[in-house]
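> Give me a 3D structure for the following:
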Amino acid sequence: MSVDAIGGILGNQDTSVGKNSNINEQDFIKLFVNQLQYQDPMQPMDNSQFLTQLAQFVGIQQQQETVQGLNNLLSLSANGQAVGLLNQNVAFTGNSGTSTIGAVSAIQFSSSGVTLSVTTSGGNVVTGVKPSQITQITP
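Take a look at the predicted model:
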């Protein structure tokens, strides 16, 4: 079976959500206190405005947690797909641009992503093959 871009998901996982991209409860409270401190005393914020802001904050927080959960699920799915490649014959394009055929003999999982070890028909083991380099899978 021919596959055009198997590594599109496996090899290019985006983990750009940083630690400081989340607003937490403390940040919300600081913003809220500052807003109360500097509001016009003749036109204070009413309860409905406060509840609206609180609901928006809770909604944003839940969306951030959902995104994190989906990223974890995507990572688990990519790992599962990589495990499915074990003992499969694959063709891949190496860093030099040459096409190589062999069987996936090992999988390495790291924080930078998944890499494969492929054993060629000549017995050579090519390590560090990214799933995005695979061009064909044959059972």
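
> can you give me the helices for this protein?
7-10, 25-37, 47-83 (DSSP state H).

> Helix or strand with the lowest mean pLDDT in the chain?
helix 7-10 (a mean of 48; mean pLDDT, DSSP states H and E).

> Give me the distance between the two termini of stretch 129-138.
Chord length of stretch 129-138, first to last residue, is 17 Å (Cα to Cα, to the nearest Å).

> which of the residues in it are buried?
129-135, 137 (16 or more other Cβ atoms under 10 Å). Quick note: C-beta positions are derived from backbone N, CA and C, even for glycine.

> contacting residues around residue 118?
Neighbouring residues of residue 118 by Cβ atoms under 8 Å, 6 or more residues apart in numbering: 90, 92, 100, 102-105, 125-126, 129.

> let's see it at 6 Å
By Cβ atoms under 6 Å, 6 or more residues apart in numbering, the contact list for residue 118 reads 102, 104, 126, 129.

> Now flag whichever of these is closest to residue 36.
Nearest to residue 36 among the contacts of residue 118, counting by Cβ to Cβ, is residue 129 at 57.8 Å.

> For that closest one, which non-adjacent residue is closest in space?
residue 116 (4.4 Å; Cβ to Cβ, 6 or more residues apart in numbering).

> residue with max distance from the center of the chain?
Using Cα atoms, centre = their mean, the residue of the chain lying farthest from its centre is residue 42. It sits 48.9 Å away.

> And the pLDDT at that residue?
What the model reports as pLDDT for residue 42 is 76.

> For it, list the residues it contacts.
By Cβ under 6 Å, 6+ apart, residue 42 has no neighbours at all.

> Using CSV, list the CA coordinates for the lengthiest strand in the chain.
Longest strand in the chain by number of residues (criterion: DSSP state E): strand 99-110. Taking C-alpha atoms only, strand 99-110 is exported to CSV below (Å, rounded to 0.1, in the frame of the first residue of the first chain):
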residue,chain,number,x,y,z
SER,A,99,15.3,6.0,-1.1
THR,A,100,15.9,3.0,1.2
ILE,A,101,13.8,-0.1,1.8
GLY,A,102,13.8,-2.1,5.0
ALA,A,103,11.9,-3.4,8.0
VAL,A,104,11.1,-1.3,11.0
SER,A,105,13.0,-3.1,13.8
ALA,A,106,12.7,-0.6,16.7
ILE,A,107,10.9,2.6,17.8
GLN,A,108,12.4,5.3,20.0
PHE,A,109,10.1,7.6,21.9
SER,A,110,11.5,10.9,23.1
